[in-house]
Structure formats: structure tokens, C-alpha cells
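Undergrad: Return a 3D structure for these sequence lines:
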Amino acid sequence: MIVKKRDLTLYLVTDRRWLGRRSLEEDVEEALLGGATLVQIREKEISSRAYLELARKVKAVTDRHGIPLIVNDRIDIALAVDADGVHVGPDDLPVSVARRLLGPDKMVGASASSVEEALAFQAQGADYLGVGAVFPTATKKVTEKVDLETLAGIKAAVHIPVAAIGGIDAGNAPEVMKTGVDGVAVVSAILSQPDIREATRALLSKLNKEGS
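TA: Here you go, the predicted model:
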């Protein structure tokens, strides 16, 4: 059995709108070969059955590489495929409920945009936080704006890992890492690139250089 390391350094969030000729699981594999350290599958516009089948295919890839798979929002899908955890937002089931349903050994992440939210989610049992949107992003139409000062304040206030999210790319990632966060969550910075593996490798190199 492969022991999966919980590493938020480069957290890939999927979005099939960026797919080219390959399948989602093929794109995820390219990102993992480039060094992505965590994968979250996020699907908002497909049926439960299709989501289940897609999650199974992606989990086969992440398992092969020993990388945790997180399911966005859908605790039922996470349980069905034995994913490594779930990520919940402000309109999803509460962190405390997710923790109770998944048990103590799975990861529960939560989206926060203020110190107050971050502390509340930590108290409810969150393992990590996704904080943003730090920069404008085309991935999500409705987002809370979190400046770098607030991001640093959230990181300083909690003892669980924090990943910054929202419009982060190779150009601004070093600036984000200076706030002390544990990593960044990205979508288009990897999935929209013509060479996903190389884009992942280049972004990871910048993150490791700034975080060291």
C-alpha cells in the first residue's frame, strides 16, 4: 500500500473546459509527471453517474502516482470512490458534517476568505484551507477577493496548512509564497498550457525556490 503524502505545494484543481485532445485523466497524469502534489476533481455541470465514472478514472491515475485525490463538494462521490478527502465551500455541507461523514483519516478542506472563517473551519475540523481569490480568475465567476495582506494574516492565525487560490500563475506565484502559505492551487496555469508536464515542472520549481 502506498502511503500518500499530504503536500499542498502545487495543488491542481481540474476543469474540463480546458481539455484539448486528451482526456481529463491523461491531463492529470501529465501534471503528476510534472510534479503536482495534490489533485482536486471539481465538476459542477455533469450528472452524478458521470461524475462517479470520471472520479474513478482520475483516482486510478492519482493512486498510481501515490498522490491524494480530493473531491470538490460531493461527499457521496468521495465516499463512493474512496477518495482521500473532500473540499467544501461556503454553500456546501459544513466542515463538521463532512468530517463526521468521512471519519478522522480522510482530508477535509474548506474555502476561506477571512481570518474569522479560517479559525471557524479549523475549529470544526478542517485539515487545510483554500484561501482566495487572490487575483482575478476566469475559472469561477463569483469569488471573494482576498489581498496578500489578508492571506498572510490567515496563514499566521491558523495552525493548519493554507493553499492560496485564484488567478495564480508562474509570474505571480513567488509573490504569493512570500506570505508564508504552504502552496498554491491552480487550474489554468497548468491545464491551459500546451505542455502540461513542463508547465507544472516550471511552476513547481518557482514554488520550491521561493518556499525554501
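
Undergrad: how about the helices in this structure?
TA: 24-34, 48-65, 75-80, 95-102, 115-124, 148-157, 173-177, 188-191, 196-211 (DSSP state H).

Undergrad: Residues contacting the last one, please?
TA: Applying CB atoms under 8 Å, 6 or more residues apart in numbering, the external contacts of helix 196-211 come out as 9-10, 12, 27, 30-31, 33-37, 169-170, 173-174, 177-178, 183-184, 186, 189-190, 193. C-beta: built from backbone N, CA, C; applies to glycine.

Undergrad: so where is this protein shaky, pLDDT-wise?
TA: Within the chain, the segments meeting pLDDT under 70 span 1-3, 139-143, 211-212.

Undergrad: pretty sure Gly89 is in contact with Arg74, am I right?
TA: No. If you go by CB atoms under 8 Å, Gly89 and Arg74 don't touch, sitting 11.6 Å apart.

Undergrad: Those two: which has the busier surroundings?
TA: Higher neighbour count among Gly89 and Arg74: Arg74, with 23 against 14, using other CB atoms under 10 Å.

Undergrad: which one is that one nearest to, not counting chain neighbours?
TA: Spatial nearest neighbour of Arg74, chain neighbours left out: Tyr51 (6.5 Å); criterion: CB to CB, 6 or more residues apart in numbering.

Undergrad: Then Arg16?
TA: Per CB to CB, 6+ apart, closest to Arg16 is Leu24, 5.6 Å.

Undergrad: neighbours around the one you found, how many?
TA: Quick note: Leu24 (other CB under 10 Å) scores 19 neighbours.

Undergrad: Isn't it up against Lys57?
TA: Yes. Counting by CB under 8 Å, Leu24 touches Lys57, with 7.5 Å between them.

Undergrad: how near is Asp105 to Gln40?
TA: 18 Å (CB to CB, to the nearest Å).

Undergrad: and if you look at Gly20?
TA: From Gly20 to Gln40 the distance is 20 Å (CB to CB).

Undergrad: These two: who's more crowded?
TA: Shown here are Gly20 and Gln40; by other CB under 10 Å, Gln40 has more neighbours (25 against 10).

Undergrad: contacting residues for that one?
TA: Applying CB under 8 Å, 6+ apart, the residues near Gln40 are Tyr11, Leu12, Val13, Thr14, Leu69, Ile70, Val71, Asn72, His87, Gly109, Ala185.

Undergrad: Just the ones of those in strands?
TA: Tyr11, Leu12, Val13, Leu69, Ile70, Val71, Asn72, His87, Gly109, Ala185 (DSSP state E).

Undergrad: Count the neighbours of the third one for me.
TA: Think Val13. Neighbour number of Val13 under other CB under 10 Å is 23.

Undergrad: swap in the last one?
TA: The local packing count at Ala185 equals 24, with neighbours defined by other CB under 10 Å.

Undergrad: isn't it right next to Tyr11, touching?
TA: Yes. Counting by CB under 8 Å, Tyr11 is a contact partner of Ala185 at 4.0 Å.

Undergrad: Overlap of the contact sets of the two?
TA: Between them, Ala185 and Tyr11 share the contacting residues Gln40, Gly130, Ala163, Ile165, judged by CB under 8 Å, 6+ apart.
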